[in-house]
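*Asks:* Sequence first, predicted coordinates after that:
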Amino acid sequence: MKRSLFVVLGAVLCFFIGSSVFAQEIQRFNPDTIKTIQLDSVVNIRAKRLSVETFIQAVTTDTSFYKAFRLMKKYGFTAENRIFTYDKKNKIEGKLYRKIRHTTHPVRMEYLVKEDAGKLFKKNGKYELYTLEMFDYIFMNAYKSEYSDGSFGAGKEGGNAGYKDKLKTLIFSPGKPVKGLPFIGSKTEIFSANMRQYYDYSFYSGMYLDSIPVYIFKVVVKPDLSSWTKDGLMIKQLVTTFDKRNLEILGRSVDMKYSNMLFDFDVQMNIEMSNFGDVKLPTKISYQGNWNVPLKKEERASFLIVHKDYTLGKEK
């Protein structure tokens, strides 16, 4: 049971998807003050010769996010991680700041700054919250080149190999079903014929980083559904940012909320990419989330990750 709940937490934590401009934010301190997108207007779909299917096809077939994380291992970069935990009144309970330099030859992770305060760790040195444990599982492994050139199912990684594959599907293939994931596997399939009846689609025009023209494709739960139907839909909103010049994805954000007898959660996540020459690499990831599992301490946390100063490592 513990492993199942850990995987469900990881699955939702890992469902990265770019603009937090639409998110129904949890009302508390938000470390993400970096605003990257400015909206212009609703897009005239006919004039632009675009359709819902155009964007859905782009979302469900995209491999660039996986490629971007995979390419990180070839670059030197600086990562800044800011993590906050909160009490029941949403007051800051603990905080962690890490500044890390990743080098490629040799592959090494060097802490430039590592500071923590408040209640973050147990007496044995492990994190108090599963959320923080999953944070390290995902990102610290990425810095250590966990994202290999192989396919999702390649290789053996011990008892958790199957779970890692499910998490990767959630990260890099939004809208697809995740078989074998406890409690929520089918609820991610928001573009299926059955699920489309519950969502509205809209298109916006905007500017990313003050210089890149973008389309913003928004999928949101229909407002006129019954409360019972809304409560059964895990993904409340999915926003994808496309580069107008080539329809490549520059960012994704998701708003998820779900409750049953075993757990309830309220999560907003955002991930953004930037171009470095002809290559797209991760630059900003943010998370706000609450988790409540019976007989466990309620988990409230947020984090902001910024990657910068990318330099291509020289081959030996």
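*Replies:* Cool, the structure landed.

*Asks:* which residues touch Asp136?
*Replies:* By Cβ atoms under 8 Å, 6 or more residues apart in numbering, the contact set of Asp136 is Tyr127. Glycine gets a C-beta too; all of them are placed from N, C-alpha and C.

*Asks:* What does it show for phi and psi?
*Replies:* Here is the backbone geometry of Asp136 (degrees, to the nearest 10): phi -70, psi -40.

*Asks:* heads up, I number from 57, so please use that
*Replies:* From this message on, residue numbering opens at 57, which makes the last subject Asp192.

*Asks:* In stretch 155-168, which residues are buried?
*Replies:* Buried residues in stretch 155-168, counted by 16 or more other Cβ atoms under 10 Å: Lys155, Ile156, His158, Thr160.

*Asks:* In TSV, list the residues you listed along with distance to Gln293.
*Replies:* Formatted as TSV, the buried residues of stretch 155-168 follow (distance: Cβ to Cβ, whole Å):
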residue	distance to Gln293
Lys155	32
Ile156	31
His158	32
Thr160	37
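
*Asks:* Below-threshold pLDDT in the stretch 107-256 of the chain: ranges please.
*Replies:* 194-241 (pLDDT under 70).

*Asks:* What ranges does it have for its strands?
*Replies:* 131-142, 148-160, 163-174, 255-264 (DSSP state E, counting those that start in this stretch).

*Asks:* Tell me the one of the buried residues of stretch 155-168 nearest Tyr193?
*Replies:* Ile156 (15.8 Å; Cβ to Cβ).

*Asks:* I figured the closest one was touching Ala135, is that so?
*Replies:* Yes: between Ile156 and Ala135 a contact is recorded at 4.6 Å, counting by Cβ atoms under 8 Å.

*Asks:* can I get the CA coordinates of stretch 275-293 in PDB?
*Replies:* Extracted in PDB, the C-alpha atoms of stretch 275-293 (Å, rounded to 0.1, in the frame of the first residue of the first chain):
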ATOM      1  CA  VAL A 275      -8.400  22.500 -22.200                       C
ATOM      2  CA  VAL A 276     -10.700  23.100 -19.200                       C
ATOM      3  CA  VAL A 277     -13.500  21.200 -17.600                       C
ATOM      4  CA  LYS A 278     -16.900  22.500 -18.800                       C
ATOM      5  CA  PRO A 279     -18.500  24.800 -16.300                       C
ATOM      6  CA  ASP A 280     -22.000  23.500 -16.700                       C
ATOM      7  CA  LEU A 281     -21.300  19.900 -15.600                       C
ATOM      8  CA  SER A 282     -22.800  18.600 -12.400                       C
ATOM      9  CA  SER A 283     -20.700  18.700  -9.300                       C
ATOM     10  CA  TRP A 284     -20.600  14.900  -9.200                       C
ATOM     11  CA  THR A 285     -19.200  14.800 -12.700                       C
ATOM     12  CA  LYS A 286     -16.600  17.500 -12.100                       C
ATOM     13  CA  ASP A 287     -15.400  15.700  -8.900                       C
ATOM     14  CA  GLY A 288     -14.700  12.600 -11.000                       C
ATOM     15  CA  LEU A 289     -12.500  14.400 -13.400                       C
ATOM     16  CA  MET A 290      -8.900  14.500 -12.200                       C
ATOM     17  CA  ILE A 291      -7.400  17.000 -14.700                       C
ATOM     18  CA  LYS A 292      -9.200  20.300 -14.300                       C
ATOM     19  CA  GLN A 293      -7.200  22.200 -16.800                       C
END
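
*Asks:* Without its sequence neighbours, what residue ends up closest to Arg164?
*Replies:* In space, and not counting its chain neighbours, Arg164 is closest to His158: 7.5 Å by Cβ to Cβ, 6 or more residues apart in numbering.

*Asks:* What residues does that neighbour make contact with?
*Replies:* Met128, Tyr131, Gly132, Phe133, Thr134, Ala135, Arg164, Met165, Glu166, Tyr199.

*Asks:* ok, it to Ser342 distance?
*Replies:* His158 sits 20 Å away from Ser342, going by Cβ to Cβ, to the nearest Å.

*Asks:* Kindly report the same for Val295.
*Replies:* Counting by Cβ to Cβ, the gap from Val295 to Ser342 is 13 Å.

*Asks:* do the same with Pro269
*Replies:* Distance from Pro269 to Ser342, by Cβ to Cβ: 23 Å.

*Asks:* With Lys286 instead?
*Replies:* Taken as Cβ to Cβ, the span from Lys286 to Ser342 is 25 Å.

*Asks:* Those two: which is more packed in?
*Replies:* Using other Cβ atoms under 10 Å, the more surrounded residue of Lys286 and Ser342 is Ser342, with 24 against 15.

*Asks:* Pull up the pairing partners for the helix or strand harbouring that one, direction included.
*Replies:* Using DSSP states H and E, Ser342 maps to strand 335-348. Applying DSSP bridges, strand 335-348 is found paired with strand 320-332 (antiparallel), strand 355-368 (antiparallel).
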